[in-house]
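# I need the structure of the sequence given here:
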Amino acid sequence: MTFIGELTGSSPDLKISLYKWNAKFFVKFETPDLEQVYKISEIDASETEIREMVTDAFIQKVILRFREMYGDISEIY
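Next up is the predicted model:
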């Protein structure tokens, strides 16, 4: 997997990285405890288009999903 670079986001507690591997881009969102990865085929989008897709509105949805994930974890232990 090739690391392309970090993307800027609307949350300082969220690391956003872009990778490329096996004809796909991987957009990885990380908090200290969890991660979400979105895989997008090179056929469907270029690196520039991927960077444009990661908008503040999309990042806010990712953050909401992280909150749900943290809630799920807190329910099981």
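# which residues of the protein fall in helices?
Taking DSSP state H as the criterion, the chain carries its helices at 47-53, 56-76.
# Which residue comes closest to L34 once chain neighbours are left out?
M69 (5.3 Å; Cβ to Cβ, 6 or more residues apart in numbering). Quick note: C-beta positions are derived from backbone N, CA and C, even for glycine.
# wait, that neighbour sits on V62?
No - with contacts defined as Cβ atoms under 8 Å, M69 does not count as touching V62, sitting 10.3 Å away.
# any chance of the helices of the chain in CSV, plus distance to F29?
Compiled in CSV, those are given as follows (distance: least, Cβ to Cβ, whole Å):
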stretch, distance to F29
helix 47-53, 13
helix 56-76, 5
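# Out of the ones you listed, flag the one nearest P12.
Shortest distance between P12 and the helices of the chain, using Cβ to Cβ, is found for helix 56-76: 11.5 Å.
# got the CA coordinates for the closest one in PDB?
Coordinates of the C-alpha atoms in helix 56-76 are reproduced here as PDB (Å, rounded to 0.1, in the frame of the first residue of the first chain):
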ATOM      1  CA  ASP A  56     -16.500  19.200   5.600                       C
ATOM      2  CA  ALA A  57     -20.000  17.900   5.200                       C
ATOM      3  CA  PHE A  58     -18.700  14.400   4.500                       C
ATOM      4  CA  ILE A  59     -16.300  14.600   7.400                       C
ATOM      5  CA  GLN A  60     -19.200  15.600   9.700                       C
ATOM      6  CA  LYS A  61     -21.000  12.400   8.700                       C
ATOM      7  CA  VAL A  62     -17.900  10.400   9.400                       C
ATOM      8  CA  ILE A  63     -17.700  12.000  12.900                       C
ATOM      9  CA  LEU A  64     -21.300  11.100  13.600                       C
ATOM     10  CA  ARG A  65     -20.600   7.500  12.600                       C
ATOM     11  CA  PHE A  66     -17.600   7.500  15.000                       C
ATOM     12  CA  ARG A  67     -19.900   8.700  17.800                       C
ATOM     13  CA  GLU A  68     -22.200   5.800  17.000                       C
ATOM     14  CA  MET A  69     -19.200   3.400  17.000                       C
ATOM     15  CA  TYR A  70     -18.000   4.700  20.400                       C
ATOM     16  CA  GLY A  71     -21.600   4.200  21.700                       C
ATOM     17  CA  ASP A  72     -21.700   0.600  20.400                       C
ATOM     18  CA  ILE A  73     -18.400  -0.100  22.100                       C
ATOM     19  CA  SER A  74     -19.500   1.400  25.400                       C
ATOM     20  CA  GLU A  75     -22.600  -0.900  25.400                       C
ATOM     21  CA  ILE A  76     -20.600  -4.100  25.200                       C
END
